[in-house]
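Participant: missing the sequence, but the structure's below:
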Ligand code: ZN
C-alpha cells in the first residue's frame, strides 16, 4: 500500500510548501455509524465458534515464505514462492490460474514479467467473491531511517501475512458451506518500487501493477465469461500483534455495505482488532489494490492497520506476526463467506 495524507492535511502541507491557494479543503467523509448491537444478521447466522482457523499454522506459512528470501517481481525468489503457493492451493482442491503480463516501471527501460496467481474454488459458479493480498516484496525497505536500502527485506506482515492467512483458509475451502464461487487472488507488482520519489514533490514508480491488470482483464472478459464478482476483500498489514483495524476511507466510500457487513461479523465473533471507526494519525485513506477492483465495479475493502510501525523497514520480520491475530482475521473472513448466498 501507499500512504497518503488526508485531503485536509495534504492541502495544508501543499500550502506550507509555497502554495497560496485559499481554496477550502474538501469536507471529510462522515464517520461510519455505530454498528447495531442487536442484529439478526449477526445473531442468527454467525455462530461464534464454527471455524477453527489455526493461527500457528498461518505463522508457519509466513516463516516458510520469508525463508525463501525476498520475493521481488520477476526474480528467482518470486518464482519459488509461486511454486510453493501453487502446490499448496492445488493440494486443497483449487484450480490455480497464472495471469501473466509484462509491465514497465517508470524508472526502468525494459518491461519485466509479472504474474497474478488466482486460486479458484467452485469454478462453475458465476457469482463469485475475491479474497486477496499482494505477494511481491518491495525491492528495498524504503522507510529505513539510515537509507540502508540494500539489505534483504522480509516483508513478513506486508503482503506475506495476507498470503499466509489465505494459505490457512485453503484448508477449509473444499466443500465450504457458501453459495458463491471463491477466488483467492495474489497480486504481483503491488510495490515494485525502485524509485520511491520524493513525497509531495516528485512522483516515483507506479504501484498496483498487478491489481490494475487483473481489473482490466475482468472488465474485458466478464461479458463473455458471465463471471460477476460481488465483493473483494483485501488483506494488507493485518497479521501483527496489536493490530488495530480501523475503517479505511476508500473502503467506506466505495463499498460501505460490504464494509459494514464485515465489521459486524467481526463484532459477532469477538474479533476485537476490528475497530468500527475512522481515523489514524496521518491519513484516513490508503491507496492500495482495492482501488483497482472498485474501479472495475467490484465493491472492495481493505483490511489494514495503517499504523504498523515496522512498515517498509528491515524490522518487518515473522516474529512481528501473531498467530492469534491471523486466526482472528481468518475467522472473520470465513464467517462472512458462509453468509454469502
Ligand atoms: Zn508495502
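Facilitator: Structure received. Just so we're clear, the structure is a prediction, and the values are computed from it rather than from any experiment. Numbers count the residues shown, from 1 in each chain.

Participant: What is the least confident helix or strand in this protein?
Facilitator: helix 7-16 (a mean of 33; mean pLDDT, DSSP states H and E).

Participant: Burial check on the closest residue to the ion within the stretch 51-200 of the chain, number of neighbours?
Facilitator: The ion sits closest to residue 158 of the stretch 51-200 of the chain, with a gap of 4.0 Å, by C-beta to the ion. (Glycine included, C-beta is placed from N, CA and C.) Counted with other C-beta atoms under 10 Å, the neighbours of residue 158 add up to 27.

Participant: now it, what's its secondary structure?
Facilitator: helix (DSSP: H, G, I helix; E, B strand; the rest coil).

Participant: residue contacts, it?
Facilitator: Shown in contact with residue 158 (C-beta atoms under 8 Å, 6 or more residues apart in numbering): 137, 138, 236, 237, 308, 311, 312, 316.

Participant: How much space separates the closest residue to residue 323 other than its chain neighbours from residue 75?
Facilitator: If the residues on either side of it in the chain are set aside, residue 323 comes closest to residue 55, at 3.0 Å by C-beta to C-beta, 6 or more residues apart in numbering. Distance, residue 55 to residue 75, using C-beta to C-beta, to the nearest Å: 29 Å.

Participant: between those two, which one's more packed in?
Facilitator: The neighbour comparison of residue 55 against residue 75 (other C-beta under 10 Å) goes to residue 55, with 22 against 16.

Participant: what's the pLDDT at that one?
Facilitator: pLDDT for residue 55: 98.

Participant: tell me the contacts of it?
Facilitator: Contacts of residue 55 by C-beta under 8 Å, 6+ apart are 168, 322, 323, 324, 325, 326, 327, 328, 330.

Participant: Within the helices and strands, which one has residue 252?
Facilitator: helix 249-254 (DSSP states H and E).

Participant: how about the helices of this protein, start to end?
Facilitator: 7-16, 40-45, 55-67, 76-91, 161-170, 209-225, 249-254, 256-268, 290-295, 323-338 (DSSP state H).

Participant: what separates the last one from the chain centre, distance-wise?
Facilitator: Read it as helix 323-338. 14 Å (C-alpha atoms, centre = their mean, to the nearest Å).

Participant: buried residues in it?
Facilitator: 323, 325-338 (16 or more other C-beta atoms under 10 Å).

Participant: Could you count how many residues lie near residue 106?
Facilitator: Count around residue 106 with other C-beta under 10 Å applied: 12.

Participant: Now do the same contact list for the spatially closest residue to residue 150 that is not a sequence neighbour.
Facilitator: Nearest non-adjacent residue to residue 150, counting by C-beta to C-beta, 6+ apart: residue 140, 6.7 Å away. Residues near residue 140 by C-beta under 8 Å, 6+ apart: 149, 150, 153, 194.

Participant: coming back round to it: what packs against the helix holding residue 252?
Facilitator: Contact partners of helix 249-254 among helices and strands, from 3 or more C-beta pairs under 8 Å, 6 or more residues apart in numbering; DSSP states H and E: helix 256-268, strand 286-287, helix 290-295, strand 300-304.

Participant: Pick the most deeply packed of these.
Facilitator: strand 300-304 (a mean of 28; mean count of other C-beta atoms under 10 Å).

Participant: average pLDDT across that one?
Facilitator: pLDDT averaged over strand 300-304 gives 97.

Participant: now that strand against helix 256-268, angle please.
Facilitator: Between strand 300-304 and helix 256-268, the angle comes out at 40 degrees (axes from the mean of the first three to the mean of the last three C-alpha atoms, to 10 degrees).

Participant: So what's the residue count around the nearest residue to residue 291 once chain neighbours are set aside?
Facilitator: Nearest non-adjacent residue to residue 291, counting by C-beta to C-beta, 6+ apart: residue 250, 6.1 Å away. Residues near residue 250, counting by other C-beta under 10 Å, number 20.
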